[in-house]
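A.B. asks: predicted coordinates and the sequence they were generated for:
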Amino acid sequence: MSPVVTLLVGLPEQETAITAHQMFLSRSPYFHNIFSASATRTVPLPHEDLDAVGCFLQFLYTGEYFPRIIKNPNGEEHLEKETSGSSNEVDEDGNCLLKHARVYTLAEKMGVSELKHLAHAKIHRINSTAKGELAYARYVYANTPREDTTIRNPIASFWAHRSHILRHEAEDEFRRMVLEFPQFAYDILSMVLDQKEKGIKDKGKDDKEEGESKGLERGKPGRKRPRLSTLS
């Protein structure tokens, strides 16, 4: 039988002990390296979130974690609920977004890419408010590297398309976010400028095609003056 390992989650004065089988923990490269280097049966995780660790263990044992992605009778995917209710409930404070964001960053640290992809998929099935989206954005920009465009680009794109409306719902929070994380503001600006540039290129292409079409309709080259005949 696989040995049982104790995980000490949280800082010493507030830590919680969780047990798990070494066989399942070893599916994570992070734990595999620990067990390969020593015979320890206790692993401290002082800076990890307890709920995220619980989701991580649930995934190692079952290949999923709550809430699951399920389909309604119409075939649309959404996250299941702990209690009965609408699947379109709004995440007012961003707590649901933060739950899966913490699972995402923990999966990255533990080297479990399947869990990382699953957490990211669940993030995009949550409806939230402007304040909730900013709380989520703050966590992501504080806990992921700039190179992680998988999770950062959708955030920048979201605010690039909606900031002119949503920022008024959370003016102070938006200002603090921009000042605290200049990269957040830069990413949004880059998205806006990319959209502007694409719009100009598309308009130029349409104008060119329209001009060529009119020239063909007249049966004459589009860029040359008509030749005048001197023959009587």
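C.D. replies: Everything's here; your move.
A.B. asks: how about the secondary structure of V43?
C.D. replies: Under DSSP: H, G, I helix; E, B strand; the rest coil, V43 falls in the strand class.
A.B. asks: residue numbering should commence at 3 henceforth.
C.D. replies: Got it, first residue is 3 now, which makes that one V45.
A.B. asks: residues contacting it?
C.D. replies: By Cβ atoms under 8 Å, 6 or more residues apart in numbering, the residues touching V45 are 7-10, 33, 36. C-betas here are computed from N, CA, C, even on glycine.
A.B. asks: just the buried ones among the residues you listed, please.
C.D. replies: Buried subset of the contacts of V45 (neighbour count, 16 or more other Cβ atoms under 10 Å): 7, 9-10, 33, 36.
A.B. asks: and which of those is nearest to A132?
C.D. replies: Of all those, A132 sits closest to L9, with 36.0 Å by Cβ to Cβ.
A.B. asks: residues in contact with stretch 94-113?
C.D. replies: By Cβ under 8 Å, 6+ apart, stretch 94-113 touches 30-33, 50-51, 53-55, 57-58, 67, 93, 115, 117-118, 121-122, 124-125, 128, 130-131, 133-138, 141-142, 145-146, 150, 153.
A.B. asks: from these, list just the buried residues.
C.D. replies: Buried members of these, counted by 16+ other Cβ under 10 Å: 30, 33, 50-51, 54-55, 57-58, 67, 93, 117-118, 121-122, 124-125, 128, 130-131, 133-138, 141-142, 145-146, 153.
A.B. asks: and the pLDDT at Y32?
C.D. replies: Here the pLDDT value assigned to Y32 is 98.
A.B. asks: related to what we said a few turns ago, reformat the contacts of V45 into a markdown table and put secondary structure and distance to L191 next to each item.
C.D. replies: Shown next, in a markdown table, are the contacts of V45 (DSSP: H, G, I helix; E, B strand; the rest coil; distance: Cβ to Cβ, whole Å):
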| residue | secondary structure | distance to L191 |
| --- | --- | --- |
| V7 | strand | 47 |
| T8 | strand | 48 |
| L9 | strand | 42 |
| L10 | strand | 43 |
| F33 | helix | 41 |
| I36 | helix | 42 |
